[in-house]
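> Provided below are the primary sequence and the corresponding predicted coordinates.
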Amino acid sequence: MQLQDFTIRNTRPGEVDEFIDILEEAAEWLHSNNIKQWPLGMFRNPTSRASMLTGITNNQYFTIDYHPVSSGTGTGVGEAKTEIAGLFVTNYDDPFDELLWKEYLLTHGRNWKDALYLHRLVLKAPYKGVGLTPKIVEFVEGKVQESGRHFLRLDCLAGNERLRKFYRTRCRGVGKGGLEELETVWNPDLGLEFARFERQVVPF
């Protein structure tokens, strides 16, 4: 596999159920490793599915395609079929992000909406460890610039130390270090503590 064999595009409405399947598989893997990041079945309920379709319509959902173009013959004979390698979501006005970030940023004279928030980044098992994360982060940083914002932000459960370490050390754009970890925050609605991360993409 080579990075040039992967492309990122907007998710299509007809792919919502495959999107849900990938997320549920990820949730099952997390639970099997005693990581309660996502409750099992949360993505299959009708409200969640409707919310995903809205996000897809608003171009907030992205699909990572794998197509080994470097091994194609150019004849159309024997060429590999494109497969979905992973997915992720970006947004800038989600109430969940407002709850996690608004108060903290106000105390530092900043606006929580001055960022794109990266969520639900999932790679299917065969495509983990091939170096896709920098490509994805670089893509999202481009979206930060296009949107006229300054920051990339994301979060995870504070108890998920494995993922926190990944964000600090390996969740990087091309040629960049990991994300800056800020202080954790308690979400009273969910009764959970979250770790928060950011990178300033565009200077003031």
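Ah, there it is. Residues are numbered from 1 along each chain as shown.
> residue ranges for the helices of the protein, please.
Using DSSP state H, the helices of the chain run over residues 16-32, 46-57, 95-106, 132-146, 161-169.
> Make TSV from these and add mean neighbour count, distance to Ala115 and mean pLDDT to it.
C-beta coordinates here come from the backbone N, C-alpha and C atoms, glycine included. Listed next are those as TSV, based on neighbours: other Cβ atoms under 10 Å; distance: least, Cβ to Cβ, whole Å; pLDDT from 0 to 100:
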stretch	mean neighbour count	distance to Ala115	mean pLDDT
helix 16-32	16	23	94
helix 46-57	14	17	95
helix 95-106	16	8	94
helix 132-146	18	7	93
helix 161-169	15	15	89
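> Quick one: closest of these to Thr63.
Among those, the nearest to Thr63 by Cβ to Cβ is helix 16-32 (7.6 Å).
> Does anything pack onto the closest one? Which helices or strands?
The criterion is 3 or more Cβ pairs under 8 Å, 6 or more residues apart in numbering; DSSP states H and E, and the helices and strands that helix 16-32 contacts are helix 46-57, strand 83-91, strand 115-123.
> looking at the helices of the chain, which is closest to Leu40?
helix 16-32 (5.6 Å).
> sorry, back to before: next, format the helices of the chain as TSV and append distance to Leu116.
Listed next are those as TSV, based on distance: least, Cβ to Cβ, whole Å:
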stretch	distance to Leu116
helix 16-32	19
helix 46-57	13
helix 95-106	10
helix 132-146	5
helix 161-169	15
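> Val202 is nearest to which of those helices?
For the helices of the chain, the distance to Val202 is smallest for helix 132-146, at 5.7 Å, taking Cβ to Cβ.
> outside of that closest one, which residues touch it?
By Cβ atoms under 8 Å, 6 or more residues apart in numbering, the residues outside helix 132-146 that reach it are 3, 6, 8, 62, 64, 85-86, 88, 90, 115-116, 118, 121, 123, 150-152, 170-174, 176, 199, 201-202.
> sorry, back to before: determine which of the helices of the chain approaches Val185 most closely.
Of those, nearest to Val185 by Cβ to Cβ is helix 95-106, at 5.5 Å.
> Not counting that closest one itself, show me its contacts.
The contact list for helix 95-106 (Cβ under 8 Å, 6+ apart) reads 91, 111-112, 115, 117, 153, 155, 182-183, 185, 187, 189, 194, 196.
> go on, stretch 149-159?
Against stretch 149-159 from outside (Cβ under 8 Å, 6+ apart): 35-37, 92, 97, 100-101, 113-119, 121, 137, 140-141, 144, 163-164, 167, 171, 179, 184, 192-204.
> List buried members of the residues you listed by neighbour count.
35, 92, 97, 100-101, 114-119, 121, 137, 140-141, 144, 163-164, 167, 171, 179, 194-199, 201 (16 or more other Cβ atoms under 10 Å).
> Distance check, the closest residue to Glu198 other than its chain neighbours against Asp114.
Spatial nearest neighbour of Glu198, chain neighbours left out: Arg153 (4.4 Å); criterion: Cβ to Cβ, 6 or more residues apart in numbering. Counting by Cβ to Cβ, to the nearest Å, the gap from Arg153 to Asp114 is 10 Å.
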